[in-house]
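Pasting a predicted model and its sequence here:
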Amino acid sequence: MAVGAAGAAPAPEQPLWEGSPSIALLYGKLLRLAIRFLVLVAIGYFAIVKGLPALASSSSEMGVFVEEHADNLRLGIIGLLALAFIPAVFAVVMAIARNRTTHYRVTSQRIVIESGLFSRSLEEIDMRSVDDIEFRQSLLERIFGIGEIVVVSTDKVAPRRTLHGIHNPRNTRELIRGAAYQVTQRQLFTRST
């Protein structure tokens with residue numbers, strides 16, 4: 001244990017805030033998924049209802065072919081459209097999983113970002129290395145009361161870390177700023193591991 005100039009032991013690490021990215025981060029992705037679904041359904045409808053009859057009327061040979069294979073052609077169109085939809089569904093599922101497996105913790109001495117779907121990673125930002133804290137909020141994020149906090153530090157590996165989907169981001173930013181200021185004023189602390 002280190003002792004400060006006045007002979008008093010430094011304050012132990014105190015938890016200040018914990019949270020995870022808001023589910024509201026996914027609303028835009030879900031909206032895009034719904035729009036993609038509606039567009040694909042419209043394309044499928046017009047391909048089957050308008051496209052196949054137009055193809056059949058182009059020539060008598062084509063008309064016979066379309067008539068004989070109408071069910072297979074419809075199934076093929078539906079299958080192709082389903083294949084176009086699967087990547088978007090997969091992307092949304094992965095975004096939900098990433099959102100659910102990310103956790104942020106702010107203490108009086110550090111910022112901890114724990115994340116990972118299949119394997120876990122733990123990143124720490126020492127409060128002594130924090131140079132600046134930025135706050136960002138798009139219009140949609142403002143409507144849902146969430147935002148991003150970007151921590152700029154002197155860390156050589158990752159000097160910028162973003163905390164996504166934070167509820168009440170302005171207050172959380174001020175909390176981190178205050179903690180960083182307190183630590184740099186003391187310059188002496190211990191951390192229990």
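Now that the structure is in, tell me what you want to look at. Everything numeric here is computed off the predicted structure, so don't read it as measured data.

Correct me if wrong, but I149 is in a helix.
No: counting by DSSP: H, G, I helix; E, B strand; the rest coil, I149 is not part of a helix but strand.

what's the burial count for it?
Burial of I149 is recorded as 24 neighbouring residues (other Cβ atoms under 10 Å). Glycine gets a C-beta too; all of them are placed from N, C-alpha and C.

Surely it and I133 touch.
Yes: counting by Cβ atoms under 8 Å, I149 does reach I133; the two are 6.3 Å apart.

any common contacting residues for these two?
With contacts taken as Cβ atoms under 8 Å, 6 or more residues apart in numbering, the residues that reach both I149 and I133 are 173, 176.

State the distance from L117 to K29.
Relative to K29, L117 is positioned 16 Å away (Cβ to Cβ, to the nearest Å).

in the longest helix seen in the chain, what's buried?
In the chain, assigned by DSSP state H, the helix with the most residues is helix 70-100. For helix 70-100, burial by neighbour count (16 or more other Cβ atoms under 10 Å) applies to 73, 77, 81, 85, 88, 95, 98-99.

before we move on, what about stretch 137-148?
Applying 16+ other Cβ under 10 Å to stretch 137-148 flags 137, 141, 144, 146-148 as buried.

Next, give me the two most distant ones among those.
F144 and E148 (12.5 Å; Cβ to Cβ).

The helix or strand containing V39 relative to helix 70-100, how many degrees between them?
When elements are assigned from DSSP states H and E, V39 belongs to helix 27-46. Orientation note: helix 27-46 sits at an angle of 180 degrees relative to helix 70-100 (axes from the mean of the first three to the mean of the last three Cα atoms, to 10 degrees).

how close does the closest residue in space to T101 that isn't next to it in sequence sit to A34?
Nearest in space to T101, with sequence neighbours left out and distances taken as Cβ to Cβ, 6 or more residues apart in numbering, is L117 at 5.3 Å. Applying Cβ to Cβ, the value for L117 to A34 is 24 Å.

returning to that earlier point: outside of the helix holding V39, which residues touch it?
So helix 27-46 is in contact with 77-78, 81, 84-85, 88-89, 91-92, 95, 140, 144, going by Cβ under 8 Å, 6+ apart.

Using a markdown table, lay out those residues together with distance to D126 and pLDDT.
Output for the contacts of helix 27-46, formatted as a markdown table (distance: Cβ to Cβ, whole Å; pLDDT from 0 to 100):
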| residue | distance to D126 | pLDDT |
| --- | --- | --- |
| I77 | 57 | 95 |
| I78 | 55 | 96 |
| L81 | 51 | 96 |
| A84 | 47 | 95 |
| F85 | 45 | 96 |
| A88 | 40 | 94 |
| V89 | 40 | 96 |
| A91 | 34 | 93 |
| V92 | 35 | 95 |
| A95 | 30 | 94 |
| L140 | 33 | 88 |
| F144 | 31 | 92 |
